[in-house]
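Q: Below is the sequence, then the predicted model.
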Amino acid sequence: MTTDASVFASRREKLNSLLPQQGLDAVALNAGPMQTYFTDLHFHLMERPVVVFLMPNQFPIIVLPEFEKGKTEGIKDLTVVTYGEDPALWQESFSRAAAELIAPPKRIGVEGLRMRVMELRYLEGALPGAKFEQAEPLIAQLRMHKDEAEIDAMQKAVEIAEAALEATVTKVKIGMTEREISGILIQNLYTRGCDPELPFLPIIAAGANSANPHATVSDRKVQKGDLLLFDWGANVGGYFSDLTRTFAVGEIDEELKRIYEIVKLANQAGRDAAKPGAPCSAVDEGARDVIEDSGYGEYFTHRTGHGLGLEPHEEPYMRAGNSMPLEPGMTFTVEPGIYLVGRGGVRIEDNVVITEDGARTLSSSPRELRVIG
């Protein structure tokens, strides 16, 4: 996804305007989605630190390896500080970056889920006396509300994922392993335009394995009478889709058919509950009530959904007790499930965006029970 530089400048301005609410003077961001969101730079956590400083009234400052400097070429309004291969000299580069700050920040926001001890020690050495505090709640306020370009990228990621699934299920045969099916699906994702980094490795779970919500692909072979669950997604410009569909391999028993229909109704109820002003918990309640009223409440073992965007799991979360109101631009999954240990499980997962007057489901893959194999 290509985005005008002004978009990233606007995001930084919004962040800077929110810093006083949390008593922060600056933020320091590790490699990952947050860096990308505010700078359009793409780095992964590795053995060499990459840290961006954001502070009001000045350009971002980045510390990165010398050989990665080329990624910053053409980006205006960015101060670049590099280091070489000798780790003994890396602290000096962080100190040089800190010296570029217009005033020594006393309270600095960091990502508790991503800031490692390595980077934290360099920051502490460069800014002695500064306090480092959690900044995720602050930044989440911005990232939860997607703009039109972000939603368009997610819509394309959904379309690629759905096309890849359709090309894959036609190849599924009795006796194929979960691992073989996963390979076909991944190939189809890439040939249909998915960017190199998958949101996560697809979950292909057959038979009893489908009763594990986060099953790992195995050499288990597909058999007649199995439920076959696909949990997969695609990436367009760093924005992800995350979908689940469950199929019948030949004829399945009556209870498995029954739980499929219950989950389908629960999925619809969860999506119907999504609207501006409704609490996130309402989505969970809508889906969960259907399953509990059908007598399978104890077999729905996880929250109904999670936010989706630059990360496969982010704010907001569709769970009981979450009173956060849904607002336009929020994107998330609705994925109720029923899991019968030792027999099989059903999950149906869609991607949803809140609009000004309701909600729109980005995904359109059929939700009726389909027989394959």
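A: Cool, got the structure.
Q: gap between S93 and L101?
A: Using Cβ to Cβ, to the nearest Å, we find S93 at a distance of 14 Å from L101. Every residue, glycine included, has its C-beta placed from N, CA and C.
Q: Which one's more surrounded, these two?
A: Neighbour count, other Cβ atoms under 10 Å: between S93 and L101, S93 has more, with 21 against 18.
Q: show me what contacts the more buried one?
A: 63, 81-83 (Cβ atoms under 8 Å, 6 or more residues apart in numbering).
Q: same deal with G295?
A: Applying Cβ under 8 Å, 6+ apart, no residues qualify as near G295.
Q: Nearest to the spatial middle of the protein, which residue is it?
A: What sits nearest the mean C-alpha location of the chain, by Cα atoms, centre = their mean, is P312, with 1.6 Å.
Q: Reduced to three states, what does that one come out as?
A: Taking DSSP: H, G, I helix; E, B strand; the rest coil as the rule, one finds P312 in the coil state.
Q: next one: the one 4 residues further on
A: With three-state DSSP as the basis, P316 sits in strand.
Q: For the remainder of this discussion, apply numbering that starts at 10.
A: That works, and once the first residue is 10, the last one we named lands at P325.
Q: isn't it right up against P334?
A: No - the criterion here is Cβ atoms under 8 Å, and P325 misses it with P334 at 9.2 Å.
Q: Look at the two and report which has more neighbours.
A: Applying other Cβ under 10 Å to P325 and P334 shows that P325 carries more neighbours, namely 22 against 14.
Q: do you know how far that one is from L136?
A: Relative to L136, and taking Cβ to Cβ, P325 is found at 32 Å.
Q: remind me which residues of the protein are low pLDDT?
A: Residues of the chain meeting the criterion pLDDT under 70: 10-12.
Q: And the helix of greatest length in it, what's buried?
A: Criterion DSSP state H: the longest helix present in the chain is helix 157-178. For helix 157-178, a neighbour-count test (16 or more other Cβ atoms under 10 Å) marks 159-160, 162-174, 176-178 as buried.
Q: Go ahead and produce PDB holding the CA coordinates of that helix.
A: C-alpha atoms of helix 157-178 as PDB (Å, rounded to 0.1, in the frame of the first residue of the first chain):
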ATOM      1  CA  GLU A 157     -10.200   4.800   3.800                       C
ATOM      2  CA  ALA A 158      -6.800   3.600   2.400                       C
ATOM      3  CA  GLU A 159      -6.300   1.300   5.300                       C
ATOM      4  CA  ILE A 160      -9.700  -0.300   4.900                       C
ATOM      5  CA  ASP A 161      -9.200  -0.600   1.100                       C
ATOM      6  CA  ALA A 162      -6.000  -2.500   1.800                       C
ATOM      7  CA  MET A 163      -7.700  -4.800   4.200                       C
ATOM      8  CA  GLN A 164     -10.600  -5.400   1.700                       C
ATOM      9  CA  LYS A 165      -8.000  -6.500  -0.900                       C
ATOM     10  CA  ALA A 166      -6.400  -8.700   1.700                       C
ATOM     11  CA  VAL A 167      -9.700 -10.400   2.300                       C
ATOM     12  CA  GLU A 168     -10.300 -10.800  -1.400                       C
ATOM     13  CA  ILE A 169      -6.900 -12.400  -2.000                       C
ATOM     14  CA  ALA A 170      -7.500 -14.700   0.900                       C
ATOM     15  CA  GLU A 171     -10.900 -15.800  -0.300                       C
ATOM     16  CA  ALA A 172      -9.700 -16.400  -3.800                       C
ATOM     17  CA  ALA A 173      -6.800 -18.500  -2.500                       C
ATOM     18  CA  LEU A 174      -9.100 -20.600  -0.400                       C
ATOM     19  CA  GLU A 175     -11.400 -21.300  -3.300                       C
ATOM     20  CA  ALA A 176      -8.500 -22.400  -5.400                       C
ATOM     21  CA  THR A 177      -7.300 -24.700  -2.500                       C
ATOM     22  CA  VAL A 178     -10.500 -26.500  -1.600                       C
END
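Q: Now the element after it, going C-ward?
A: Note on helix 157-178: by DSSP states H and E, the next helix or strand toward the C-terminus is helix 187-200.
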